[in-house]
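> coordinates for the following, if possible.
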Amino acid sequence: MLQSKFIQKNAAFLLDILLTLAEHCYEEKIGNPCARLSRLRDEYSWLKKESSTKKSNNSTMKPVTKYSTTAYI
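This is a model prediction of the structure:
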């Protein structure tokens, strides 16, 4: 299960950060959006949807206190 969360986190990073940056750089250099990168985003967007639905389920959980005292903060 821990490995699954790690994979989902990496997939979200690749889709949100890296692919967005690649699309921006491509369009900036060429002047047109890249159809292959758009198809890649569409093809793998289900990975992001799966991880975002799990995050929304976790957001209903009670927050956990990290420190019992604020003396160290």
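> ok, Val30 - how many residues close by?
Careful, residue 30 is Ile and not Val. 9 (other CB atoms under 10 Å). To be clear about C-beta, it is placed using only N, CA and C from the backbone, and glycine gets the same treatment.
> also Glu27?
Glu27, neighbours per other CB under 10 Å, totals 13.
> give me the low-pLDDT residue ranges for this protein?
Along the chain, the model assigns pLDDT under 70 to residues 49-73.
> quick one, what contacts the residue nearest to Glu23 when sequence neighbours are not counted?
The shortest distance from Glu23 to any non-neighbouring residue, by CB to CB, 6 or more residues apart in numbering, is to Leu37 (4.9 Å). Applying CB atoms under 8 Å, 6 or more residues apart in numbering to Leu37 gives the contacts 19, 22-23, 26.
> please, where are all the helices along this protein?
2-13, 19-30, 35-58 (DSSP state H).
> ok, now which ones touch Ala22?
Counting by CB under 8 Å, 6+ apart, Ala22 makes contact with 34, 37.
> again, 7 Å this time
Leu37 (CB atoms under 7 Å, 6 or more residues apart in numbering).
> mind checking how far it is from Ile30?
To Ile30, Ala22 is 12 Å away according to CB to CB, to the nearest Å.
> also Ala11?
Separation of Ala11 from Ile30 (CB to CB): 26 Å.
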